[in-house]
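1. with the input below, show me the fold.
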Amino acid sequence: MTELAQNAADAAARAEVPGELSVQLDGRVLHVSNTGTPLDEPGVQALVALRASNKSGTTVGRYGVGFTAVLSVADEVELRSTSGSVLFSAERTRSALRDLDGADPGAGVPALRLAWPTENRPAAGAASEVVLTLREDVDAESLLAYMAREAPDLLLELPALVSITVGDKQFRRRERPLDSGATEVAIGDDRWWQYESGRARWLVPVRDGVVAPVTEDVLRAPTRSDEELSIPAILVADVAMQPDRRRILPGASIAEPASGYAEFVATLPPEQRLLLVPVPAFARSEVDSALRDHIVAELREQPWLPTVGGKDRAPNRSSVVPGLTDELAELLAEIVDGLVVPDLSGPRWAPALAAVDAHRLGLARITELLSGIDREPSWWQRLYAALEPLAVDALAAEELASIPVPLSDGRTVTGPRTVLLGHDIEGVLGVDWTRLVHPDAAHPLLSRLGAKTATAVDLLSDPALRAEIEDLDPDDAAAAEELSTAVLALAGRVDPGTLPSWLGQLPLPDVDGELRGADELLLPGAPLAEVLVDDSPFACVDASFAERVGEEALRAVGVGWGFTVLRAELPTGPDHDLDDEDRWWDTLDDDPAEIGAVRDLDLVDEERWPQALTMLAQDPATRPLLADRAGYTAWWLRHNAEVGGQVLGLLRDPADETFAGLLDPVDHPECSAFAAALAPATVDSPELAQLLLDRLADPEREPTPAVIARAHSLLAAAAAGHLLDLEELHLPEHVRGLNGALVDPGDALVLDAPWLAAAAPRDRLVVGSLGTADALADLLDVAVASTAIHGAVTSSGRQSSWDREPAAVLAFATLGRELPHGPVVVHSRLTVKLTGAVDSEIAVPWWVDENGATHCSESWAEGTWGTTGVV
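-> So this is what the prediction gives:
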């Protein structure tokens, strides 16, 4: 089939007509006809001489040598042509030889050495026809089927043929030029892309518009040889072959005929070109090895590899970034020359790119190339986003460790591990006291590479900022404005109560354009200005500046509207520039974990404390500090703030009746908020003790007996607890008796034993707590009743015990008290003879004599026990 097809192709080429080959089976006779030039006399001579034909070098068939292939299926072959016909017959040749010498030649008759002319002509439309009478051992149908299978390959190999018909099947080749310079070859439903280069044609199958690389084939010269190939394309080349066309001639070069492979690859769609790169593999033959080496060398050095920007580059002058995306390619194209397009940068293509020496560009090398380039922060943010999919593990992160990072102050530094990513501070620029990433460049990749996250509070609490504020040249207005702009942009985003007080040193412009610390300035219209003394050190911040940066930001750094709160953690001493701070510090048992204090209370005008207290109570930042009795703010107010001419510590909360009638209630609508700054329900200072003593002796005061007793009890407790220095107290001329009367200290008696309450006159009796009666007596310089009054029981009674008296049991049970143990003397009428400060004999409900015996009147037995003082 191959030999006859080659002859048909030559005939068509000589006649310059489209070659058509037809194969038909008629019983046991096979007819193979073709168009083109008919058989000529030199052709017949070549046939019978069994030598190569007289065809020119542009032909592919071999009438002499190749035609012998027909003897593989037939012993009788007729070659019909429009110019004449001849017959070759093994039987007639045998007969002719027998006639020559009378001997039977036997097997191996040279059937093609003798030709007999015939009168038969080829089939209509054909120039030549070979008629083969098949031998009996040939399966005609199988032969026909085999020829049909060979037809498509022959049409590819022999372009002079345009169609081959085998039986009722016709195979036709159609060609369509492509814009790329290649040609599309179609045979039936199959497609190939073909490229011609000098002495070779390259073809590759195409399925649904995508090339399907060949995995195994043979060298075609032009028809198939035995030289096995493993290159991805079909090669049809003009190569010097041995006479049997199975192998190339020894010493023949495959390089020159096979040139042009890179040009062929360049005609393919860019995303498919790497499919035709021979990846490293074992060669299938010596020819295959030489061909692969030549092709790969050509591919390395010729421009065919698509790069970003649309230009084809030689692979050995190109760079590939594994996993390159469109976004990353757009950015790196400005830096990397000859960057392979993203479609060809995936892991699928890595072996092919390595085979042609494309330079692999890793993340570490990319990082090196980025060093020193100048781009906008937004460009860097896009770069980080594009690199993020490639940072898949610790190794990738390490390779990116030195990637440049733009900062908010305009600098660019090396490596994310030394920078901070702002959290919720978009748009803030000029932060130069730390390495803050420019907000337009911020990206999560930087965090993965080691950048720390910082909030506005973190940045504003940075000791480096404090140092920069302290070191700022007070005459450098430009530097101050630059720093304040950055600080205020951050401060406007945070809760003012979370910022350190030293931000108050931030220099800001006042109304005169002078720079002053933020905590020395007030906002325009600040209510604080209405309560300060006229010569306070505060000035007003520049109004236009305040409008530009915003009130909230200014207040956050200490510019006054209301009172400013100072906060400090883990203080070590009274060094916070607070008025009387050292005195307050001395009142503390231990160093506090944190200080929160209202500043500048000492600058309030004495006449404006009611308004100032309203401000303090209504400001959410200061109100909680008023409730901390041990804190600086409440302590200072208690000792210094005045309302109605009295300090708060000597006024009482109207809701607190402890010292009602003795201390005046504060008259203020917000008094509940600063109750901790008012007098307590105890005596905690010499000042309060002195005032209570004076008020108890003041005839204008009318406290109730309960308040009198409570005041005496609390004064005695303070004295007993050594909170008072008795030497420093000034004792008034009178003391207050239980009934409210003013008593001369020499006549007064401090009740120190309960049974004496019935013996002492009410207008002389000073009552407090029995447990601190001695301390009260010392405080008031008054005698105790037990030493001034002596009593002896003068009546007789019956001996009993507590548990034998029903009324006693009932009384103690009713009052929820435990019944005493031991004896009791019950009198029908208990009388006692008094001597000393009181000289009389009186009836009493109960008494304890000098021996410790308890005496009771029988009045309890009549149902009045519970009203006596016995229980």
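2. so what touches stretch 828-840?
-> With contacts defined as Cβ atoms under 8 Å, 6 or more residues apart in numbering, stretch 828-840 is touched by 749, 759-761, 783, 785, 788-795, 797, 841-847, 855-858. Bear in mind the C-beta positions are built from the backbone N, C-alpha and C, glycine included.
3. with stretch 72-85 instead?
-> Outside stretch 72-85, the residues within contact range by Cβ under 8 Å, 6+ apart are 30, 38-40, 44, 47, 70-71, 86-91, 111-112, 117-122, 127-135, 138, 143.
4. from the residues you listed, which land in helices?
-> Residues of the contacts of stretch 72-85 located in helices (DSSP state H): 44, 47, 90-91, 143.
5. of those, which one scores lowest on pLDDT?
-> Lowest pLDDT among these: residue 47, with 80.
6. count of neighbours near that residue?
-> The local packing count at residue 47 equals 23, with neighbours defined by other Cβ atoms under 10 Å.
7. residue 235: which of the ones in helices among the contacts of stretch 72-85 is nearest?
-> Proximity to residue 235 was ranked across the ones in helices among the contacts of stretch 72-85 by Cβ to Cβ; first place goes to residue 143, at 28.5 Å.
8. just checking, the closest one touches residue 23?
-> No. With contacts defined as Cβ atoms under 8 Å, residue 143 does not count as touching residue 23, sitting 9.3 Å away.
9. quickly list what's touching both of these two.
-> residue 30.
10. who has more neighbours, these two?
-> Set side by side, residue 143 and residue 23 give different neighbour counts by other Cβ under 10 Å, the larger being at residue 23 (24 against 17).
11. the more buried one bridge partners, please.
-> Going by DSSP bridges, residue 23 is paired in beta bridges with residue 32, residue 166.
12. residues touching it, list them.
-> Listed by Cβ under 8 Å, 6+ apart, the contact partners of residue 23 are 1, 30-32, 144, 147, 164-167.
13. same thing but 10 Å
-> Going by Cβ atoms under 10 Å, 6 or more residues apart in numbering, residue 23 touches 1, 4-5, 30-34, 130, 143-144, 147-148, 150-151, 164-167, 169.
14. again with residue 604
-> With the criterion set at Cβ under 10 Å, 6+ apart, residue 604 makes contact with 528, 531-533, 536, 563, 611-613, 615-616, 637, 640-642.
15. 6 Å instead?
-> 531, 612 (Cβ atoms under 6 Å, 6 or more residues apart in numbering).
16. now do the buried residues in stretch 524-534.
-> When burial is assessed from 16 or more other Cβ atoms under 10 Å, stretch 524-534 yields the following buried residues: 526-529, 531-532.
17. and for stretch 590-603?
-> Burial within stretch 590-603, assessed by neighbour count using 16+ other Cβ under 10 Å, is assigned to 592, 595-601, 603.
18. any chance of those residues in TSV, plus pLDDT, distance to residue 826 and secondary structure?
-> Formatted as TSV, these follow (pLDDT from 0 to 100; distance: Cβ to Cβ, whole Å; DSSP: H, G, I helix; E, B strand; the rest coil):
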residue	pLDDT	distance to residue 826	secondary structure
592	92	61	coil
595	92	65	strand
596	93	64	strand
597	94	65	strand
598	94	66	strand
599	90	70	coil
600	92	71	coil
601	96	66	helix
603	96	72	helix
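19. any idea how far residue 489 is from residue 517?
-> In this structure, residue 489 lies at 19 Å from residue 517, with Cβ to Cβ, to the nearest Å as the measure.
20. between the two, which is the more surrounded one?
-> When neighbours are counted by other Cβ under 10 Å, residue 489 and residue 517 differ, and residue 489 comes out ahead with 20 against 17.
21. that one against residue 429, yeah?
-> No. Contact status for residue 489 versus residue 429: not in contact, 7.5 Å apart, counting by Cβ atoms under 6 Å.
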